[in-house]
Each structure stands twice: as structure tokens, then as C-alpha cells.
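Asks: sequence first, then the predicted structure:
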Amino acid sequence: MEIRTNYSVKNLNSFSIDAETKYFIEINSEKDIYDFINTEKFKNEELIILGGGNNILFTKNFSGIILHPNIKSISIEFENSDYAIVKAGAAEDWDSFVEWTVNQNFAGIENLSSIPGTVGASPVQNIGAYGVEVKDLITKIDAFNLETGELKTFSNNECNFSYRNSIFKEKFKNKYLITYVYFKLYKNPEFKIHYGDIKNELLKYKELNLKSLRQAIINIRDSKLPKPEKIPNAGSFFKNPIVNKSKFKKLKAEFPEIVSYKIDEYNFKLAAGWLIDFLGWKGKVIGNAGVHDKQALVLINKNNASGLEIIDLAHEIKKSVFDKFGIDLEFEVNIV
Ligand SMILES: Cc1cc2nc3c(=O)[nH]c(=O)nc-3n(C[C@H](O)[C@H](O)[C@H](O)COP(=O)(O)OP(=O)(O)OC[C@H]3O[C@@H](n4cnc5c(N)ncnc54)[C@H](O)[C@@H]3O)c2cc1C
């Protein structure tokens with residue numbers, strides 16, 4: 001276990017916020033978890049788990065412990081002619097893992113290419129893109145209870161997955177450290193190409209296979225989303241809100257252009273980006289924080305912004321959406 005004190009996490013969050021944590025502890029093995037739990041001076045400290053920092057906003061220094069898992073490995077646990085069960089360590093880079101699965105010809109997560117972050121964080125908010133959610137490929141998760149040290153294997157069902165959510169983002173947030181995630185990946189791919197611009201982008205390729213689909217997704221994302229290395233951001237700042245049918249009908253009557261997706265007979269998901277764009281926020285800059293000029297859902301650190309400047313902007317957007325549409329947007333990003 002490697003312990004650093006008064007450590008800046010500027011290089012470990014995609015908003016590039018220069019915040020310090022009292023302790024920064026790297027967890028390299030299961031033994032490190034036990035050592036950590038049994039260290040008396042850490043017992044009453046507040047604690048957060050930090051993967052790659054691509055879904056987190058630091059609004060101030062943190063006077064507790066940041067645990068940073070550094071457990072790596074990828075192995076095939078089981079294989080038959082239809083599928084493979086693959087076990088991946090929490091600290092594996094998500095997109096490198098997707099690339100590895102594509103190179104093995106294992107299908108399932110190719111549409112989740114190019115999402116920045118680690119394997120261990122992927123179940124936390126049930127990452128999703130282009131018609132795929134990671135929950136549909138996860139069979140189980142190994143995680144340590146950070147109070148008792150008990151190792152628990154969560155079945156898919158026990159993770160309470162839903163849209164951008166799971167038990168690890170709610171009840172067990174910062175309570176369980178995920179060490180390994182198990183994926184069921186398929187040998188006969190069912191390509192999901194009916195979302196966004198995928199079909200158009202695929203016209204550039206001779207053949208539809210896992211590699212061309214992955215590349216198409218990467219190209220589309222590169223053309224739309226700012227790279228945090230160039231423009232610090234954490235992807236979508238807000239979740240797409242879900243409204244009931246009567247609310248949806250009222251909104252549709254007043255705003256016929258509203259972008260929505262029918263979830264079922266009673267519920268509709270609205271594109272938060274459309275609501276924000278409608279109110280003229282796209283490209284707006286307040287102080288050192290701003291809204292990306294191509295994607296209204298993405299807040300950016302324009303010029304060494306503090307976390308407070310970014311959260312203030314987020315609250316202003318939230319208020320204006322509420323005032324106009326009566327919708328209370330939820331943050332997708334974790335706020336510290
Ligand atoms: C440019 C950009 C594009 C994005 N696009 C998408 C997208 O298309 N779809 C999507 O769903 N997300 C997207 N995101 C959000 C982000 O990529 C994901 O949420 C990703 O899973 C974050 O991984 P991370 O390792 O950086 O997690 P962090 O930001 O480090 O952590 C996120 C949360 O997970 C918890 N956590 C992390 N690791 C563990 C662990 N081992 N055990 C327990 N808890 C843990 C943290 O405590 C925190 O609450 C995007 C972000 C960016 C910057």
C-alpha cells in the first residue's frame with residue numbers, strides 16, 4: 001500500500017481541478033485492502049474511491065482519504081463455442097479492455113469504445129452509449145467491504161443496475177471497493193448499429209465486423225466529444241430526465257421539437273442536451289467555466305476554473321431548465 005499525504009489530484013481528474021487530498025492511498029493487492037482496514041489512524045477518516053477521475057468534480061480540497069485501486073489483469077475464466085467469461089481487474093483502462101475484447105473476437109462491449117475510465121468504475125454508473133449498457137454484459141463483481149474487509153461477490157441482480165446507476169452509486173457508494181468485474185462476451189456478434197450516426201459512419205468500411213464497428217464509434221465520438229486532455233471535462237454532466245406520459249404530453253404540446261425516446265407505455269426519456277441547448281446555453285462561458293459549443297450536456301474547464309465555478313454554472317443551468325420546463329435535472333457526475 002502506497003500512502004501519500006497532501007496530494008494533488010490534478011492529474012487524476014478529467015476536469016483537471018487542482019484539489020488536494022489529505023491522504024492518497026494506492027491499493028495494489030487484496031492484502032493492501034486488509035492493511036488499510038487494519039490501520040488505526042485511517043478508521044475515522046472520510047473516504048472516497050477514485051478510478052480514472054473521469055466522472056468526478058472536486059469542488060474543494062478533500063480532508064479525508066482517496067483510495068485509488070491499482071489492481072490489473074485480464075483473464076478468460078471460461079469459454080465454450082458460444083461465449084466467454086472474462087475477468088478484468090478494476091484498474092484496467094476501460095477502452096484498452098474493449099480493444100482487447102474486440103481483438104479476441106468477443107462481442108458485447110464494442111459500442112462502449114472510447115469511454116474514458118477504468119473497468120472498476122464501469123458498473124458504478126452502468127456506463128452506456130450507442131444502445132448498449134454495461135449491465136447487460138456483467139455477470140458478477142468482486143468487491144471488498146471497506147469497513148469489515150469482507151469480500152463479497154455481487155450477482156448482476158444484486159447490483160441494482162438502472163440507467164446510469166447501480167448500488168455502488170447509491171447505498172454502497174464508497175463502501176465497497178470493486179476489485180474485479182466479470183463479463184459474458186459472445187462469439188457470434190449481434191451488431192447494434194441503429195443508434196446515432198453509426199450506419200452512416202460504417203459506409204466508410206468494406207465489412208461490418210467488431211473492429212470496423214469499434215472504429216466507427218471512435219470516429220463518431222472523436223468528432224463530437226471534447227478530449228479531456230485538450231479541453232478538461234467529464235462527459236455528460238447531467239442525466240437525461242425521465243418523465244411520465246402526462247408530463248411528456250404537456251411538454252410536447254408546448255415544445256413540439258423536444259427530443260425524446262419512449263421507454264414504455266408510461267415513461268419517456270428526454271434529451272437533457274436539447275433542453276439545455278433550447279435555453280441558449282451551448283457555447284456560453286461564465287468566468288472560467290463553460291458549456292461545450294458542440295454538446296450542451298458537456299461542461300468544460302475553459303481556463304483553470306475552480307471546481308466551484310463549474311458547479312455554480314451547473315446549478316444555473318439546472319435552475320433555468322427547472323424554471324422553463326419544470327424538470328429537475330440530476331447530475332451524472334459525482335460531486336466531491
Ligand atoms: C469525454 C468523456 C466522455 C464520456 N462518455 C461517457 C459515455 O458515453 N457513457 C457513460 O456512461 N459515461 C461516459 N463518461 C463518464 C465516464 O467515462 C464513466 O463514468 C467512467 O466509468 C468513469 O471511470 P473512472 O475510472 O474515471 O471513474 P471515476 O471518475 O474515478 O469514478 C466514478 C465513480 O465510480 C467510483 N469508483 C471508481 N472506481 C471504483 C472501484 N474500483 N470500486 C468502487 N467504486 C469505484 C468512484 O468513487 C466514483 O463515484 C464520459 C466521460 C468523459 C470525460
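Replies: Done, it's in.
Asks: who in the protein is up against the ligand?
Replies: Applying the criterion Cβ under 6 Å from any ligand atom, the portion of the chain that neighbours the ligand consists of 14, 48-56, 69, 90, 115-118, 120-122, 124-125, 127-129, 168, 174, 177-178, 225, 228, 233-235, 334. All C-beta atoms are positioned from the backbone trio N, CA, C, and that covers glycine.
Asks: now, these that are in strands?
Replies: Ile48, Ile49, Ile56, Pro69, Gly128, Ala129, Leu177, Ile178, Asn233, Ala234, Gly235, Asn334 (DSSP state E).
Asks: so which pair among these is furthest apart in space?
Replies: Between any two of those, the greatest separation by Cβ to Cβ is 26.2 Å, found for Leu177 and Asn233.
Asks: which of these two has more neighbours?
Replies: For Leu177 versus Asn233, the count of surrounding residues by other Cβ atoms under 10 Å is larger for Asn233: 27 against 23.
Asks: list the contacts of the closest residue to the more buried one other than its chain neighbours.
Replies: When the adjacent residues along the chain are set aside, Asn233 lies closest to Ile300, with 4.7 Å between them (Cβ to Cβ, 6 or more residues apart in numbering). Ile300 is in contact with Pro226, Ile231, Pro232, Asn233, Ala289, Gly290, Val291, His292, counting by Cβ atoms under 8 Å, 6 or more residues apart in numbering.
Asks: find the centremost residue of this protein, please.
Replies: Nearest to the geometric centre of the chain sits Ile127, at 5.0 Å (Cα atoms, centre = their mean).
Asks: strands along the stretch 151-300 of the chain, start to end?
Replies: Listed in chain order, the strands of the stretch 151-300 of the chain (DSSP state E, counting those that start in this stretch) span 151-155, 176-186, 233-236, 242-244, 260-262, 267-270, 285-286, 289-291, 298-301.
Asks: domain map for the chain?
Replies: For the chain, the structural domains run 2-69, 74-224, 233-335, going by automatic domain parsing.
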